[in-house]
Structure formats: C-alpha cells, structure tokens
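Asker: give me a model of this one.
(2 chains)
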Amino acid sequence: MSVQEEEMSWFKRIRKGILTETEDKKETPEGLWYKCPSCKNIIRSEEHAENYYVCPNCQHHDRIGSEEYFHILFDQGKYRLLNPNITSGDPLNFTDTKKYTDRIRSVIANTGLKDAIETAAGRIDGHEAVIACMDFDFIGGSMGSVVGEKIARAIDHCIKYKKAFIIISKSGGARMMEGAFSLMQMAKTSAKLTQLSDAQLPYISILTNPTTGGVTASFAMLGDLNIAEPKALIGFAGPRVVKETIKKDLPEGFQTAEFVLETGFLDKIIHRKDMKHQLAFFIDTLTQNVKKTKK
Amino acid sequence: MVYLDFEEPIKLLEEQLEKTREITETSGVDTSKSVKELEKTIAKTRKDIYSKLSAWQKVQVSRHPDRPYVLAYMNALSDNTFVELHGDRNVKDDKAMVGGLAKMDGKPVMFIGQQKGINAKMRLYRNFGMANPEGYRKALRLMQTADKFNIPIVCFVDTPGAYPGLEAEERGQGEAIARNIYEMFRIKVPIIVVIIGEGASGGALGIGVGDRVFMLEYTWYSVISPESCSSILFRTWDEKERAAEALKLTSDDMLNNKLIDGVIREPEGGAHTNHEESYANVKDAVLKALAELEKLKPEKRIALRIGKFEKMGVFND
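Answerer: Below is the predicted model of the structure:
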C-alpha cells in the first residue's frame, strides 16, 4: 500500500477537551493533585506532567498516551499524524457480551482515539523520524487490523522518505474480537519490518508498561535496538498464565524490564526524561555511516 | 478407537457390527448380509454427522487422539526417508518441535513441526506439543540450513500454543516467535505450511509463515483457543461452543476470509478414520504447491509472500 500524502495534514487536535496551545500544554488547573500509585507521594498534577508523568519521589513512570509521548519526543511538540482516520472494521461480525462494532463506537467516543495506535512524523533533535505509539486506553492497546495497517503504512512512509522508525509498544496483546485477522497482524508487521531493514533504516522498539502477547511476539522484540522504560511489564504469556502453568509463585521482579534486560532481550532501560536525547543519539549514530556509503 | 461425544451413534453401530461378526465366528451362521448393511449404515451415519459439524465439534476432531501426528506425516510423506535432526545449538533439544531432512518422491525437503505425544507418557515427553523458545530456534536453524542448500521447507502445525512457562519467558519466548516470523519472510526457498491439527495463535504462527498455507478440513487456526476466549470474553469456560463459532476458526471460514490458501479434504469421518488417505491428500497438496512455487524466482516468491500477509486486515479508511 502506498502512503497517501494528500490524506496527511498538519496535526489538528481531534480529541475533545484538549484545545490548549502546545506551549501551554502542561498547564493544569491549580488545585489538582497527583497521587503516585506506587509510593503514594502527592504532588501537583502540573508538576507531575512537567516531570514527564514520572513520580519525582520513586520514579514510577505513569502510563500515558500517544499524544503525551509525541509532545515529549518531537521537537517543540510539533508533528503531523499519518493516516489518522483509519478505523476498525468487523471482519468476523463478532459479538461477545456486546457487539464489536458497538464496543468500538463507545471506546472511540470515550477516549477520543480512533484505535490502539497513532502514527506521527516529526523531528527528534532535528532527526526526521516516524513514531508509532500504542494507546492502552483503547481496548487494552490490543492489536487488530488497524494497528497492523497503520504500522505498515508508517513503514512505507519511512522507506519513501528515508526516516528512522520508532514503535512505542503498550499492549495486552492481540484483539480477540478480530480472531485470526488479529493474529496475522503479527506476520504483517514483521514482514514490513524486513523491508525497512532492507532499506537500512533504523527501527527502535520502545517497550512500555505493559507489553505482552502478540505484540511482544512480533514487532516489539524486533528492534535494531530494544529499549524499555523502567519497571515495565514485558512478557509473552501474562504473569497470571505463567503462574497457573508452573503452579508456583513467581520470583520477585519476574517479567519486569530489569528482568528482561538481565535475560538478554533488551539493549537498555531508559528513563522517560532521557528518552528523546537518547533516541536522537541512536538515530544519529546508526545512520551516520549509512548516509556516507550511499553518497 | 476413541469416540467423541457426538460420534455416539457411530460407536453403537460399530459395536453392533463387532457382535454380528462374532456370531459368524462362534456359530458359523452366515451374517454377511447384515454385516454389509451395517457397514452401509455406519458410512451413512458418519457422513450425516460429519456433514454438519459445528465449529466446536471440528475443534474436537482436530484434537482427536487417533489422528495422525506430525512425525507420522513426516515418515509417510517421505516413504520413511525422514531423518530427524536435533537441537538449537544453544540451550537444548526441544522435544515438542521436531524437524529434519527427507526426500519426497526423490526430491529433498526440510520438514518441521510440533509433535504431540501418541500416549500419556509421550504426551509429557513432548510437552503436549507446546514448544519452548529453543524449539522455535531449532526450527529456524533448520529452515536456514534448508535455505542455504536450496531445499524447500514444509512446516506441519499442530500445537495448543507456545509453552507459557517460567523458563520459556526467561529464554525469550516472545523474541523467539517474533524472530521466526521475521526470518521466514527472508527465506528464499519455498515454504509450505499445513495445519494438521491445532493452530493456536503465536505458537502456530512461529512456524506458520508460508508461500502456501493449507489447513486440513477438520482443524482450527486462530488467535486463541475457544476455551480461553470463552474464559476471557464471557468470564466462563462454558461458552466454548459460542466462542468457537464467533472466532471463525474453521478451515472453511479461514479460506473465506482469505487468511489461508487452501483446505485439504479429510477422509469421511475425519483423518483418524483413515491415516493413509490423509497422508496421500496432504502429499498431493504439498507436491502440487511445490511444483507451482518452484517456477518462481526467489525474489518474486518473497515479494508475493510479503504481499499476501500485507493484505490481511479489515478496516475503514
């Protein structure tokens, strides 16, 4: 599929209630407080947002959405969304406790998101890059056809314009309501990553809390560099399933980013406040000699 | 012979047939006429039952303990020339994932697949066909060896899932499956995948990327088993029939949704009733597909393989 340029426009806020200018983004009405779920420390919400949504006391990284990540990582918080209007179909005509189409409609209304991933182009310390960022609020960041398609198109865009590619994963795994269609997104995204690799463009995978199931077993583990945020839960099977399988308590820290680093599947754990500059360093360093040889 | 719950009428008739035959043996009375009639009734009953199986009943057939398992296919399709090769060159030899070199009608082929145990003891030994990361890495090693020597690859899928154990997590189950999927898109030789029993999620897809993906008639392939789907979405194990229906996991549904390339028909009454016929049907399909694929240049094959999976997905643009 080709990236349809005419469909891209400079980013317009589509979510209700977020109408502030970029430079005023972190402004929060006075009197709102954030209580850290980990250490119970209380700070002003404004201060929490300024601190990258990380608790200054215990460094707990709060779960944030694609919009927050884009603002943190792109220069001056400026970016444009790629293919922002793709929404989910209902390939299986699926109904569990409610119809899948109704579920999608109500999640879109409640979150202002179109699906569990947003893709955006911008600059990271001057380096052109595309970031695909998952949103956990959208059915647990589950991977269905839209997630696969948006990643595929983002990769096409990177190849066409020679940009670095970053995926920020945050997902419970596959979207069951799309059955095998959801499963095949693992193959689809991995297939596209081989093309990105052939174009010698860097792919940096950032695993955030939580990254499990089909996302771990496909693009999240396939980065040229696999990076994680501190203490993020990362695994293939969820901890409950593993516990039921082995019928024993799990060791302390099992499936945390620190554990996965020790077992050899991550390159580095990076604090959210350092993420932007580290990414810029990696993109710069990885592509420096590639550009030279291509001249 | 093991009978599934919905096969009860067949069971009763076959018991009757057995008794009738015994009468001939013990008393010498000629029962050939009633034997013939019974055999006809059995065939008709089986046909009736199997022509209207529900999705859940097909899942039951896919797990039938008398179905031929992967190693049986490997031996049968290669006239017993199959030589098993072991180990991932890293940690250990995973008994749930088997593979090796063989010749099909004189032509070299690399066979890979998950093996379920044929009895209680072997089921434990084979970990019920649930591979660990080293199993997927062994599979990839064998695929890359095949690729180097221009030998086509045939993967037989039969797994209730990748093993969700503690050590599997420590050794990177997610990474192992992801790596296989990724590398299978770079393999230059033809890859044919046949789901011969259960095709459960990432555990299946970890050896499931192919130029041709076939399902045997009474098998299932989806992102989750109907039981687990029921427990997550309906919060009970009792909705497995409903979940099986909703997931559209049967071979015909998968073909209609263009998520596989073909269905290989099974003998009347399922693969377990006639192993030889099942082997022959699979061999036919594999050889035919190989002949088609070998006409293409490797780059073309890879482009088509990627293009096929790229098209999978339903969304509103």
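Asker: quick check on the most centrally placed residue in chain B: phi, psi?
Answerer: Closest to where the C-alpha atoms of chain B average out (CA atoms, centre = their mean) is residue B:196, at 1.8 Å. Main-chain torsions, residue B:196, degrees, to the nearest 10: phi -100, psi -10.
Asker: so it makes contact with residue B:216?
Answerer: Yes. The pair residue B:196 and residue B:216 passes the contact test of CB atoms under 8 Å, sitting 5.4 Å apart. Where C-beta positions appear, they are placed from N, C-alpha and C, glycine not excepted.
Asker: common neighbours of those two, please.
Answerer: Both residue B:196 and residue B:216 are contacted by B:271, B:282, under the criterion CB atoms under 8 Å, 6 or more residues apart in numbering or on different chains.
Asker: quick one: neighbours of residue 47, just the number.
Answerer: Since no chain was named, I'll use chain A. As a burial measure, residue A:47 scores 13 neighbours (other CB atoms under 10 Å in any protein chain shown).
Asker: to clarify, I was referring to chain B.
Answerer: 11.
Asker: same check, this time on the one 4 residues further on
Answerer: When counting by other CB under 10 Å, one arrives at 8 neighbours for residue B:51.
Asker: how about residue B:187?
Answerer: 22.
Asker: and it, how close does it get to chain A?
Answerer: Distance of residue B:187 to chain A, given as CB to the nearest CB, to the nearest Å: 11 Å.
Asker: also residue B:111?
Answerer: The spacing between residue B:111 and chain A, counted by CB to the nearest CB, is 21 Å.
Asker: who's in contact with that residue?
Answerer: Contacts of residue B:111 (CB under 8 Å, 6+ apart): B:74, B:77-78, B:82, B:99-102, B:154-156.
Asker: just the buried members of the residues you listed?
Answerer: B:74, B:77-78, B:82, B:99-102, B:154-156 (16 or more other CB atoms under 10 Å in any protein chain shown).
Asker: with just CA atoms, put stretch B:283-295 into CSV.
Answerer: Extracted C-alpha coordinates of stretch B:283-295, given in CSV (Å, rounded to 0.1, in the frame of the first residue of the first chain):
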residue,chain,number,x,y,z
LYS,B,283,1.3,-35.2,-0.1
ASP,B,284,-0.7,-34.4,-3.2
ALA,B,285,-1.3,-30.8,-2.0
VAL,B,286,2.3,-30.3,-1.0
LEU,B,287,3.8,-31.6,-4.2
LYS,B,288,1.4,-29.6,-6.3
ALA,B,289,2.2,-26.4,-4.4
LEU,B,290,5.9,-27.1,-4.6
ALA,B,291,5.7,-27.5,-8.4
GLU,B,292,4.0,-24.2,-8.7
LEU,B,293,6.3,-22.3,-6.4
GLU,B,294,9.5,-23.7,-7.9
LYS,B,295,8.7,-21.9,-11.1
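Asker: buried stuff in that stretch?
Answerer: By neighbour count with 16+ other CB under 10 Å, stretch B:283-295 contains the buried residues B:283, B:285-287, B:289-290, B:293.
Asker: likewise stretch B:303-311?
Answerer: B:305-306, B:308-310.
Asker: would you convert the residues you listed into CSV that also reports pLDDT?
Answerer: Output for those, formatted as CSV (pLDDT from 0 to 100):
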residue, pLDDT
B:305, 98
B:306, 98
B:308, 98
B:309, 98
B:310, 98
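Asker: adding distance to residue B:118 and secondary structure, write these out as JSON lines.
Answerer: Compiled in JSON lines, the buried residues of stretch B:303-311 are given as follows (distance: CB to CB, whole Å; DSSP: H, G, I helix; E, B strand; the rest coil):
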{"residue": "B:305", "distance to residue B:118": "33", "secondary structure": "helix"}
{"residue": "B:306", "distance to residue B:118": "37", "secondary structure": "helix"}
{"residue": "B:308", "distance to residue B:118": "34", "secondary structure": "helix"}
{"residue": "B:309", "distance to residue B:118": "33", "secondary structure": "helix"}
{"residue": "B:310", "distance to residue B:118": "39", "secondary structure": "helix"}
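Asker: low-confidence regions, the stretch 1-150 of chain A specifically.
Answerer: A:1-31 (pLDDT under 70).
Asker: enumerate the residues of it near chain B.
Answerer: Applying CB under 8 Å from any CB of the partner chain, one finds that the stretch 1-150 of chain A approaches chain B through A:1, A:83, A:85-92, A:94-97, A:145-146, A:148-149.
Asker: mark which of those residues are buried, thanks.
Answerer: Neighbour-count burial (16+ other CB under 10 Å) is assigned, among those, to A:83, A:86, A:88-92, A:94-96, A:145-146, A:148-149.
Asker: so which of the residues you listed belong to strands?
Answerer: Secondary structure defined by DSSP state E assigns residue A:88 of those to strands.
Asker: from the buried ones among the residues of the stretch 1-150 of chain A next to chain B, which land in helices?
Answerer: Counting by DSSP state H, the part of these found in helices is A:145-146, A:148-149.
Asker: now, which of the buried residues of stretch B:283-295 sits nearest chain A?
Answerer: Nearest to chain A among those, counting by CB to the nearest CB, is residue B:293 at 17.4 Å.
Asker: still on that earlier bit, closest one of the buried ones among the contacts of residue B:111 to chain A?
Answerer: residue B:155 (13.4 Å).
Asker: OK, contacts around residue A:107?
Answerer: Taking CB under 8 Å, 6+ apart, we find residue A:107 in contact with A:113, A:138-139.
Asker: change it to 7 Å
Answerer: Counting by CB atoms under 7 Å, 6 or more residues apart in numbering or on different chains, residue A:107 makes contact with A:138-139.
Asker: work out the gap between stretch A:95-115 and the centre of the chain.
Answerer: 20 Å (CA atoms, centre = their mean, to the nearest Å).
Asker: in it, what's buried?
Answerer: Within stretch A:95-115, judged by 16+ other CB under 10 Å, the buried ones are A:95-96, A:100, A:103-104, A:107, A:111-115.
Asker: and residue B:29, its phi and psi?
Answerer: Dihedral angles for residue B:29 - degrees, to the nearest 10 - are phi -70, psi 140.
Asker: what sits against it?
Answerer: Applying CB under 7 Å, 6+ apart, the residues near residue B:29 are residue B:23.
Asker: do you know how far it is from residue B:22?
Answerer: Distance of residue B:29 to residue B:22, given as CB to CB, to the nearest Å: 11 Å.
Asker: what are the phi and psi angles of residue B:215?
Answerer: Note on residue B:215: backbone dihedrals following degrees, to the nearest 10 are phi -120, psi 140.
Asker: mind listing what the closest residue to it other than its chain neighbours touches?
Answerer: In space, and not counting its chain neighbours, residue B:215 is closest to residue B:251: 3.9 Å by CB to CB, 6 or more residues apart in numbering or on different chains. Residues near residue B:251 by CB under 7 Å, 6+ apart: B:215-217, B:219, B:263.
Asker: now for the residues you listed: which two are most distant?
Answerer: The largest separation in the contacts of residue B:251, counting by CB to CB, is between B:219 and B:263 at 9.2 Å.
Asker: between those two, which has more neighbouring residues?
Answerer: Higher neighbour count among residue B:219 and residue B:263: residue B:219, with 29 against 19, using other CB under 10 Å.
Asker: if I look at the more buried one, how far off is chain A?
Answerer: Counting by CB to the nearest CB, the gap from residue B:219 to chain A is 12 Å.
Asker: test my guess that that residue contacts residue B:194.
Answerer: No. Look at residue B:219 against residue B:194 with CB atoms under 7 Å: they stay out of range, at 9.1 Å.
Asker: quick check: residues of the stretch 201-317 of chain B near chain A?
Answerer: B:201-202, B:205, B:209, B:221-224, B:229, B:232-234, B:246-249, B:254, B:257, B:259, B:306, B:309-310, B:312-317 (CB under 7 Å from any CB of the partner chain).
Asker: I'd like to know which of these are buried.
Answerer: Buried among these by 16+ other CB under 10 Å: B:201-202, B:205, B:209, B:221-224, B:229, B:233-234, B:246-249, B:254, B:257, B:259, B:306, B:309-310, B:312-315.
Asker: on that earlier part again, from the buried ones among the contacts of residue B:111, pick the one nearest residue A:197.
Answerer: residue B:155 (22.9 Å).
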